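Participant: no FASTA, just this:
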């Protein structure tokens, strides 16, 4: 078990991370249109889309971290309902985003088979993990 | 190897990726193509570490070391190759 002071250090750090994260999130991530304008090159924009989808999933997991699994959340006596809800929503949105990647027709360099394997790989593995994890805590 | 050792090594690796991706390295005078390629490789390594940390540490608990902000700066700084 970590000592009390050690845990406090982690909690403070965790809180800082979270604040930076939440400030960045709405502006930077939720503007696919803006990103698309910046990346006019079609292949590049597709690559960018494929690359950022796992990032959003990872960010959803970071929200889970802040709501349930993180040191601060564990130290708290009860689960923060709002954060948990935000985490679930992020997971849901991430799932839908992967689902939408499935139906891109002009995926440039990415072949249809590869694209489906990519989506299946991301959808199957991490998300059951999320459910299990939420059941445990 | 104990769990604590494992955790320490993982955190060290994440820290290292974070630190190494903060600057251009020694390729200041390289041609634009070389610099673009290096930037993409760097962004990819950073991307992988960031996603990996977010999913594994995010779900298991523990300390998150990477911030979100530098990641997007890194991705936006990746030059286009036409």
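Facilitator: Thanks, I have the structure now. Only a predicted model underlies this, so the values are computations on that prediction, with no experimental measurement involved. Numbering: from 1, shown residues only, chains lettered A, B, ... in the order given.
Participant: any idea which residue sits dead centre in chain B?
Facilitator: Of all residues in chain B, the one closest to the mean position by CA atoms, centre = their mean is residue B:46, 2.2 Å from it.
Participant: Do I have it right that it meets residue B:21?
Facilitator: Yes. With contact defined as CB atoms under 8 Å, residue B:46 and residue B:21 form a contacting pair (4.3 Å). In short, each C-beta sits where N, CA and C put it, glycine included.
Participant: which stretch of helix or strand covers residue A:77?
Facilitator: Here residue A:77 is covered by no helix or strand, with elements defined by DSSP states H and E.
Participant: Dihedrals phi and psi, it?
Facilitator: Backbone torsions for residue A:77, taken as degrees, to the nearest 10, come to phi -80, psi -30.
Participant: Residue of chain A nearest chain B, please.
Facilitator: Nearest to chain B in chain A, going by CB to the nearest CB, is residue A:58, at a distance of 2.8 Å.
Participant: If we ignore the residues flanking it in sequence, what's nearest that residue?
Facilitator: The shortest distance from residue A:58 to any residue that is not its chain neighbour, by CB to CB, 6 or more residues apart in numbering or on different chains, is 2.8 Å, and that residue is residue B:54.
Participant: Next up, the contacts around the one you found.
Facilitator: Taking CB atoms under 8 Å, 6 or more residues apart in numbering or on different chains as the contact definition, residue B:54 lies against A:55, A:57-59, A:61-62, B:64, B:66.
Participant: got a markdown table for those, with secondary structure too?
Facilitator: Converted to a markdown table, the contacts of residue B:54 look like this (DSSP: H, G, I helix; E, B strand; the rest coil):
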| residue | secondary structure |
| --- | --- |
| A:55 | helix |
| A:57 | helix |
| A:58 | helix |
| A:59 | helix |
| A:61 | helix |
| A:62 | helix |
| B:64 | coil |
| B:66 | coil |
